[in-house]
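# Task: produce atomic coordinates for the following.
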Amino acid sequence: MSKIKNITILGHASKGKTSLAEAMLNVAGATERIGRIADGNTVSDFDAEEKKRGVSISSSVLQFNYKDAKINAIDTPGLFDFALGPAEGMRAADTAIIVVSSRSGIAAGAEKAFKAATQKGKARIFVTTKMDDERADFYKAFNGLVAKFGTSVCPVVVPVISGGKVAGYYNMIEDKAYSYNGTKAAPANISHDDEGRFEAIKEVFNEAVAGADEELMEKYFEGEALTQEEKVKGLSIGLADGSIVPVFALSGLTGEGVDQLLSFIADCAPSPKSEYASNENDEPVEINVDASGALAAICFKTVADPFIGKLNFFKVIRGTLNQGTNVVNARTGDEERVGKLVTMLGAKQSDTKDVCLGDICAIAKLSTFKTGDTMCAPNNIVTLNRVDIPGASYSMAIAPEKKGDEEKVANAVNKLIEEDPSITFKSNTETHQTIISGLGEQHLDVALSKLKERYKVTAVLIQPRVAYRETISRKVECQGRHKKQSGGHGQFGDVFIEFEPCDSDELIFAERVVGGSVPKNFFPAVEKGLKESMERGVLAGYPMVGVKATLFDGSYHPVDSSEMSFKMAANIAFKNGIPNAGPVLLEPIITLNAICNDEAMGDIIGDINKRRGRVLGMNPTADGMQEIVAEVPQAEMTTFSTAMRQITQGRGSFTTEFARYERCPEQVTQKIIEEAANEE
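Predicted coordinates for the structure are as follows:
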């Protein structure tokens, strides 16, 4: 287990994560050449959608050996629309490799990754990529990291700048410079353009390493040089406890410097450690690092592809996972037999018989397991912490291109959700639409493409309808008279009803009939007729709320009156009276809690105001962000997730909750009435 290194590669989109993963595989001898995103031949981005779009859209597991270590690398997407990938990688890994471009510096994705890794207690390593670019500036990028994340940021491998160009890479641990021919490194004696700056950054390294251990600190203060073994010791301690965040300069595109990062991971990255879970009584229990203990493994990813079948990816937290053993799904209580175990290199599978503590594997054909589930021994049921699945924030109505394919669309979307639980799918019985929700426009666009390519189902996205309501604003009295003669018994019902506004989601029915002008046995029929009428208002056909109806007079015929007659009379009274009662349209108002950085706060408030929203207050959060609390009409919120992401550059987040219904402005009401009339 001490030789297993679980890492996840995180960062902003287009900063070199997949290129780094491909270079790692090549340097480790797992591939013959470095795959290129532009050529569509990467091991990591193997999905058809990824090749077509030229971006990562899901996490991929890359398992390979380097020196005497087994490295399980999880390459994750940088686009915020595919945030499930980083969440999966974070759950399985013990070390977060955060990629930053040495050309453009820190981006929002790197900030979010660092914050998430810190909260999860993961070891963190910064990699400044694209050192092959002539516009690269390592020291500018490094100073930006120190300014943002503090003095724990520690240079380990830095570029040697000679003649204004990167001539090699200096390894602080070995106190040695290397030049590169492709991915092959050779010791070199290279002079620096700025010796003073180089010496200063060496001092930063020595001070950080010495500060990780008391013995090393004493030696450092006494002026003695630290040995290579002592540097490795200090870095290992600091990396594990979070007091050191190493920085490596390299080029993922050419592979230069990648060997030094891999050597560091093999030597210094922490091994899997114990964690807490819940037992059957929902009490916290510690899951110790124990190879002989009862099995406990977390399902951190699921692939549900009609071509390669269903695969569940697991990390073993305790015990050993063997092929052919019986295991229990802690969520469902179902017992299953473990079939084929495989290790993964992108899409390539290799069979294995058992998986040791701390290691990662995929299992085919498990029927009950999904992302976040705990696999455990039948005699020791525990539930490990689940994957932090990001909440959907962008919703559209989905409809089949061909009428009658609704069931096919529903079945196909549910299969997608097995693989991507950040998608939600539900029917809105009120608006008669099926709503699909995800993390953004691109997320849902990819979902539609997968429906078409994988499941041969074509669907379209349309704007979701808003569930408006109608009510009245003043009291009226009116008569409803139903009289029909058609041979034999006729139909006769006559009612006088008073309609008035009230606070209620349903009709409030009352009566004050005197003298028996309407017999009591017809009261329920009158109420039923009014309730049915309330289902469709008179302005735009939306359900009515906030109406009290009082039956106060009427007349009947001893032979021709019936329940149906009085139900029809009530319906007529409704149609006669409600248009004169000042009918108004109500729109749903939601409470918005938006978290953003200080710089974006003014623009977010401006955007909320444009959406007819009202800002209720602002509060600073514990992590230095700002919380904006506002009330906004639901109809104006469809594109808010896109605007929020653009304004905050992906740093922000928000939640919404239904607050109440509120009267629509007149101009909005007229527009909705016109749209309803056109639909009819």
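# what helix or strand is Gln646 on?
Taking DSSP states H and E as the criterion, Gln646 maps to helix 640-648.
# how about the nearest residue to Ala13 once chain neighbours are set aside, what does it touch?
Nearest non-adjacent residue to Ala13, counting by Cβ to Cβ, 6 or more residues apart in numbering: Gly78, 3.5 Å away. The C-beta positions use only the backbone N, C-alpha and C, and glycine is treated the same way. For Gly78, the contacting residues are 10-15, 17, 55-56, 109, by Cβ atoms under 8 Å, 6 or more residues apart in numbering.
# okay if I get these as JSON lines plus neighbour count and distance to Ala116?
Shown next, in JSON lines, are the contacts of Gly78 (neighbours: other Cβ atoms under 10 Å; distance: Cβ to Cβ, whole Å):
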{"residue": "Leu10", "neighbour count": "30", "distance to Ala116": "8"}
{"residue": "Gly11", "neighbour count": "30", "distance to Ala116": "12"}
{"residue": "His12", "neighbour count": "25", "distance to Ala116": "13"}
{"residue": "Ala13", "neighbour count": "17", "distance to Ala116": "16"}
{"residue": "Ser14", "neighbour count": "18", "distance to Ala116": "20"}
{"residue": "Lys15", "neighbour count": "28", "distance to Ala116": "16"}
{"residue": "Lys17", "neighbour count": "27", "distance to Ala116": "15"}
{"residue": "Val55", "neighbour count": "20", "distance to Ala116": "20"}
{"residue": "Ser56", "neighbour count": "26", "distance to Ala116": "17"}
{"residue": "Gly109", "neighbour count": "28", "distance to Ala116": "11"}
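# in the stretch 301-450 of the chain, which spans are strands?
Applying DSSP state E, counting those that start in this stretch to the stretch 301-450 of the chain gives strands spanning 309-318, 321-322, 326-329, 335-337, 341-345, 348-352, 354-355, 360-364, 374-376, 382-384, 394-400, 424-428, 433-438.
# in the fourth one, what counts as buried?
For strand 335-337, a neighbour-count test (16 or more other Cβ atoms under 10 Å) marks Glu336 as buried.
# same deal with the third one?
Along strand 326-329, these residues count as buried under the neighbour rule (16+ other Cβ under 10 Å): 327-329.
# Tabulate the residues you listed in JSON lines, adding columns for pLDDT.
Converted to JSON lines, the buried residues of strand 326-329 look like this (pLDDT from 0 to 100):
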{"residue": "Val327", "pLDDT": "97"}
{"residue": "Val328", "pLDDT": "98"}
{"residue": "Asn329", "pLDDT": "98"}
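# ok, the residues you listed vs Lys575, which is closest?
Minimum distance to Lys575 across the buried residues of strand 326-329 is 56.4 Å, recorded for Asn329 (Cβ to Cβ).
# tell me the contacts of that closest one?
Counted by Cβ under 8 Å, 6+ apart, Asn329 has contacts 335-336, 368-369, 373-375.
# re the thing from before, and the residue nearest to Ala13, how close does it get to Gly650?
10 Å (Cβ to Cβ, to the nearest Å).
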